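Engineer: Predicted structure and sequence below. I'll ask about it afterward.
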Amino acid sequence: MEQEAKQAEFITVQMEKLVRHLESLRIADYMELLQRPSRLIFVNLVAGIARGLGIALGATLVFALVIELLRRLILLNIPGIGAFIAEVIRIVEARNGSF
């Protein structure tokens with residue numbers, strides 16, 4: 001009888017651990033999301049737009065910093081490198097329409 005009580009208590013403790021673990025994984029929220037496909041599509045659409053916007057802004061910032069670095073290298077008048085960088089910047093500006 002005492003062994004059955006210990007076993008029941010052990011099972012109860014293990015079940016509570018399992019429940020806490022599943023709650024921490026937010027399985028219920030995920031299952032609810034899967035039951036409403038329109039909500040899932042909306043969430044994925046917003047996430048995709050946010051990722052795309054972040055990539056575009058990040059790439060723009062990085063390229064702007066690279067162009068600024070190249071402009072500063074031109075001002076140093078390093079032989080060979082300065083002329084090459086000047087040509088690259090001239091091509092970029094010509095393509096963007098800002099001379």
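Structural biologist: Looks like it came in fine.
Engineer: which one's the longest helix in this protein?
Structural biologist: Secondary structure of the chain per DSSP state H: the longest helix is helix 37-75.
Engineer: To which secondary structure element is residue 9 assigned?
Structural biologist: Assessed by DSSP states H and E, residue 9 sits inside helix 2-25.
Engineer: quick one: secondary structure of residue 77?
Structural biologist: coil (DSSP: H, G, I helix; E, B strand; the rest coil).
Engineer: Tell me which residue is most central in the protein.
Structural biologist: Computing the C-alpha centroid of the chain and ranking residues by CA atoms, centre = their mean puts residue 51 first, at 6.2 Å.
Engineer: Could you measure from that one over to residue 38?
Structural biologist: Residue 51 sits 21 Å away from residue 38, going by CB to CB, to the nearest Å. (C-beta placed from N, C-alpha, C; glycine too.)
Engineer: follow-up on the earlier one: quick one: mean pLDDT over the helix holding residue 9.
Structural biologist: Across helix 2-25, the average pLDDT comes to 89.
Engineer: do the same with stretch 84-99
Structural biologist: Here the average pLDDT along stretch 84-99 is 79.
Engineer: Can you name the residues in contact with it?
Structural biologist: 67, 70-71, 73-74 (CB atoms under 8 Å, 6 or more residues apart in numbering).
Engineer: Could I get those in CSV, plus columns for distance to residue 43, neighbour count and pLDDT?
Structural biologist: Below are those laid out as CSV (distance: CB to CB, whole Å; neighbours: other CB atoms under 10 Å; pLDDT from 0 to 100):
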residue, distance to residue 43, neighbour count, pLDDT
67, 37, 15, 86
70, 41, 17, 79
71, 42, 12, 82
73, 45, 16, 77
74, 47, 16, 75
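Engineer: would you turn the residues you listed into a markdown table with distance to residue 85?
Structural biologist: Listed next are the contacts of stretch 84-99 as a markdown table, based on distance: CB to CB, whole Å:
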| residue | distance to residue 85 |
| --- | --- |
| 67 | 10 |
| 70 | 5 |
| 71 | 8 |
| 73 | 5 |
| 74 | 5 |
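Engineer: from the chain's centre, how far out does whichever strand or helix holds residue 32 sit?
Structural biologist: Element membership for residue 32 (DSSP H and E) is helix 27-35. Centroid separation for helix 27-35 versus its chain: 23 Å, with CA atoms, centre = their mean, to the nearest Å.
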